[in-house]
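**Student:** Sequence isn't available, so here's the structure alone:
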Ligand SMILES: [Zn+2]
């Protein structure tokens, strides 16, 4: 499931093919993904220039010159591919259409952007740009972890007297937007904080220390995504899935990477999701 760094990588990969470019035609091949598409979506997209491509949490937002914004959510299995870009950034020929190619954007610069989603947990919506932040998916979001509103005092205030495990608190999108299971596990490992510890019981000093750690973990992953974009010529044109090594995530029973620690990474289930951590390093 794509997390914030993967979505940011998709945004950066789409940008040269989409930003400032007119969507000559949009093909919408089914009525819905997770939810029905908005009325007349193909017509409302066709002929519009993408003025700006931005990201909020795990949503990609394309501001159109019509005054509407296209919201794209990749869901669990959504993929975006770019083919035939004339700028020479992407050398992929247009592939033959595939079964789960639900939406295809034919760009005026010759690029083709395909949204493929076998499980259809993804979503697209069109909303007025000036009130986009009021959309039901966006209005509930807390600050961006890489933005200025996510700071030490914010996290201290959000955790104060919170009786839930810190793992759940960091996954709470109202506290910080876009953090998912993988990067919460990694940040807690680096912060030496057990995922089981109650958020309200962690000292302010340790809570404050989590803020730069969270930023660092995400920025490293975004950098890894950036490298994957540079290797794009060899890839198949698919954006956003890249090799990245994790310290604890997915490493159950493997040795802890902290120097001098002889423990093995543990996996427990919290709120139905796996938490990976070192019980010796994380308290
Ligand atoms: Zn350890």
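**Tutor:** Sure, I can see it. Worth saying up front: this structure is predicted, and the values here are computed from it rather than measured.

**Student:** Mind listing what's buried along stretch 14-25?
**Tutor:** Under the neighbour-count criterion of 16 or more other Cβ atoms under 10 Å, stretch 14-25 has 14-19, 21-23 buried. In this view, the C-beta of every residue, glycine as well, is placed from N, C-alpha and C.

**Student:** So which of those residues sit within strands?
**Tutor:** residue 23 (DSSP state E).

**Student:** same for the ion: which of the buried residues of stretch 14-25 are within range?
**Tutor:** When contact is defined as Cβ under 5 Å from the ion, those do not meet the ion at all.

**Student:** Now, the buried residues of stretch 14-25 that are in helices?
**Tutor:** 14-18 (DSSP state H).

**Student:** and those as a markdown table, adding pLDDT?
**Tutor:** Compiled in a markdown table, those are given as follows (pLDDT from 0 to 100):
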| residue | pLDDT |
| --- | --- |
| 14 | 91 |
| 15 | 92 |
| 16 | 89 |
| 17 | 90 |
| 18 | 94 |
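
**Student:** now those residues in JSON lines, with distance to residue 225?
**Tutor:** Listed next are those as JSON lines, based on distance: Cβ to Cβ, whole Å:
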{"residue": "14", "distance to residue 225": "13"}
{"residue": "15", "distance to residue 225": "13"}
{"residue": "16", "distance to residue 225": "15"}
{"residue": "17", "distance to residue 225": "16"}
{"residue": "18", "distance to residue 225": "17"}
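
**Student:** nearest residue to the residue in the stretch 1-150 of the chain positioned nearest to the ion other than its sequence neighbours?
**Tutor:** Nearest to the ion, among the residues of the stretch 1-150 of the chain, is residue 3, at 23.5 Å (Cβ to the ion). Spatial nearest neighbour of residue 3, chain neighbours left out: residue 180 (3.9 Å); criterion: Cβ to Cβ, 6 or more residues apart in numbering.

**Student:** What is the neighbour count of that neighbour?
**Tutor:** 20 (other Cβ atoms under 10 Å).

**Student:** Spit out the contact partners of it.
**Tutor:** 1, 3-4, 58, 171 (Cβ atoms under 8 Å, 6 or more residues apart in numbering).

**Student:** list the buried ones in the lengthiest helix in the chain?
**Tutor:** In the chain, ranked by residue count with DSSP H as the criterion, the top helix is helix 204-230. For helix 204-230, a neighbour-count test (16+ other Cβ under 10 Å) marks 207, 209-211, 213-214, 217-218, 221-222, 224-225, 228-229 as buried.

**Student:** now do stretch 170-185
**Tutor:** Neighbour-count burial for stretch 170-185 [16+ other Cβ under 10 Å]: 170-173, 175-185.
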